[in-house]
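Engineer: Let me see the structure of the following:
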Amino acid sequence: MTVDLSSKIQNTQFKNLFLNASGIHCQSKKELEELMNDHYSGGLVTKSATPNSRFGNPLPRYHSLPAGSINSMGLPNEGFQFYLDYVTHSNIQKPTILSIAGMSKEEDLELLHQIQDSKYQGLTELNLSCPNVIGKPQMAYDFASSNQMLKEIFAFFKKPLGIKLPPYFDLVHFDKIAKILNQYPLSHVNTINSIGNGMWVDIESESTVLKPKGGFGGVGGAIALPTALANVRALRQRLNSSINIIGTGGVTTGQDAFAHILCGADMVSIGTQLYEEGLGAFQRINNELIEIMKAKGYHSLDDFRGKLKEQ
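Structural biologist: Numbering: from 1, shown residues only. Okay, here's the model as predicted:
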C-alpha cells in the first residue's frame, strides 16, 4: 500500500509534511545544509532572524525535562542578511520558510520591506510570539496591535506570508485572533510557539535551572502536546480555509503527528524532539506515521486531515 505524505502551504508544494521548528538545527550554515539534505523533512525553516546577529540570552538557557524542555534562548541567530543570502543564493533543493523576528514593530516592517524588494520567492514567517526576549512582549497577545501591524504589512507586502502564534487558552481569544487573521491574505499560521514563562526548579541546588529572566522560560516537548492540539483544532475551526496551519508542539512520535493532522494541521514541525534526538527523529516519526496510516487504510493526509470526531 502506497502512502502519500505530501502537503502544501498556499501554492508551495512539500514532498512531506515534516518541518523543523524554527530555532532547532537551523542557525548555522552547516545545520541548514544538513536540513536541506535530509530526505525525511519536507522543507526548511530558518532561525528567526533579527536585523543583526545575536548571541541571545546568557547561559544556561536550555534544560531537558522529564516530559519535554524549558528554554530561554533569546533569539540567538546570525542576522537577517545571513539567512536571506542562504535562501536566495544557496543550492535550494526543497521549499524554505524564512523566519523573521524584529525587536520592534519598526524592525519587523523594515525586514519585510527588504524581503519584498529581494528576489526571494519562498514563504516568509513573522514570529509574533517569542516569549524569551527580555523586555519584548509577545505581540500576538495584543489583538489591536496585531491587527494594526498586519494592516500596515499587507499595504505593501505581496509575497506569501504566515505568522507564528503563541498558545491561546481561552475560547474567546481564539475567536478574537481568528477574526483579525481572516481579514488578511495570510499563507499560514504556525501554532504554537513554546508555552511562555514556565519554570523548573532543581531541588538539590534549590535554584532555577535557567539563568535568564529569573528562571522563567518557554515550555515545549511532550508536555505541550495537549495545548498544541487544542490550538490547531480551535484555529482550524475558525480560520478561512485559505489559511494553512503548521502544527507545532509536543510531537515526539508518529501518533502525535497523526493527532496534529486529525485536528487540522497541514504541516507538522518538530522542536524539542529534534533537538534531543537529532535529524534521525524525522525518519523515525515519518515511518511511524506511515505505519499508522497503513493500519487505518489511509492513502493520503487528506483522508483524515481535520476529521476529528467529537464524543
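Engineer: So residue 144 versus residue 235, what's the distance?
Structural biologist: As judged by CB to CB, to the nearest Å, residue 144 and residue 235 stand 19 Å apart. C-beta here means a position set from N, CA and C on the backbone, and glycine is covered the same way.
Engineer: For the two, indicate the residue with more neighbours.
Structural biologist: residue 235 (24 against 9; other CB atoms under 10 Å).
Engineer: helix or strand right after the helix or strand where the more buried one lies?
Structural biologist: Here residue 235, judged by DSSP states H and E, is contained in helix 225-238. With elements assigned by DSSP H and E, the helix or strand that comes after helix 225-238 is strand 244-248.
Engineer: List the buried residues in the helix holding residue 235.
Structural biologist: 225, 227, 228, 229, 230, 231, 232, 233, 234, 235, 236, 238 (16 or more other CB atoms under 10 Å).
Engineer: swap in stretch 294-308?
Structural biologist: 298, 301, 305, 306, 308.
Engineer: How far does it stretch from one end to the other?
Structural biologist: 18 Å (CA to CA, to the nearest Å).
Engineer: go on, stretch 210-219?
Structural biologist: First residue to last in stretch 210-219 (CA to CA) measures 12 Å.
Engineer: tell me which element the residue located most distally from the centre of the chain falls in.
Structural biologist: Here the centre of the chain is the reference, and by CA atoms, centre = their mean the most remote residue is residue 204, at 34.2 Å. Taking DSSP H and E as the definition, residue 204 sits outside all helices and strands.
Engineer: Please tell me how far it sits from residue 15.
Structural biologist: For residue 204 relative to residue 15 (CB to CB), the value is 47 Å.
Engineer: ditto for residue 166
Structural biologist: Residue 166 is 29 Å from residue 15, by CB to CB.
Engineer: ok, and for stretch 173-187, which residues are buried?
Structural biologist: Buried, per 16+ other CB under 10 Å, within stretch 173-187: 174, 176, 177, 178, 180, 181, 184, 186, 187.
Engineer: meant to ask about stretch 189-204
Structural biologist: Buried, per 16+ other CB under 10 Å, within stretch 189-204: 189, 190, 191, 192, 193, 194, 195, 196, 198, 200.
Engineer: again, but for stretch 129-136
Structural biologist: 129, 130, 131, 132, 133.
Engineer: Can I get these in TSV including pLDDT?
Structural biologist: Output for these, formatted as TSV (pLDDT from 0 to 100):
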residue	pLDDT
129	88
130	79
131	73
132	72
133	77
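Engineer: Can you check which helix is longest in the chain?
Structural biologist: If you go by DSSP state H, the chain has its longest helix at helix 280-296.
Engineer: And the contacts of that helix?
Structural biologist: 1, 3, 5, 16, 18, 38-41, 251-258, 270, 273-274, 277, 299, 303-304 (CB atoms under 8 Å, 6 or more residues apart in numbering).
Engineer: Now do the helices in the stretch 51-200 of the chain.
Structural biologist: 80-89, 105-117, 143-153, 171-181 (DSSP state H, counting those that start in this stretch).
Engineer: what's the model's confidence in the last one, averaged?
Structural biologist: Read it as helix 171-181. When pLDDT is averaged along helix 171-181, the result is 98.
Engineer: Next one, pLDDT for residue 91 please.
Structural biologist: At residue 91, pLDDT is 79.
Engineer: Give me the spatial nearest neighbour of it, chain neighbours excluded.
Structural biologist: Using CB to CB, 6 or more residues apart in numbering and skipping residues adjacent in sequence, the residue nearest residue 91 is residue 36, 7.8 Å away.
Engineer: can you redo the buried residues of stretch 129-136 as CSV with distance to residue 49?
Structural biologist: As requested, these are exported to CSV (distance: CB to CB, whole Å):
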residue, distance to residue 49
129, 15
130, 12
131, 18
132, 16
133, 13
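Engineer: ok, now which ones touch the closest residue to residue 49 other than its chain neighbours?
Structural biologist: Using CB to CB, 6+ apart and skipping the chain neighbours, the partner closest in space to residue 49 is residue 80 (4.2 Å). Going by CB under 8 Å, 6+ apart, residue 80 touches 49, 50, 51, 52, 100, 111, 114.
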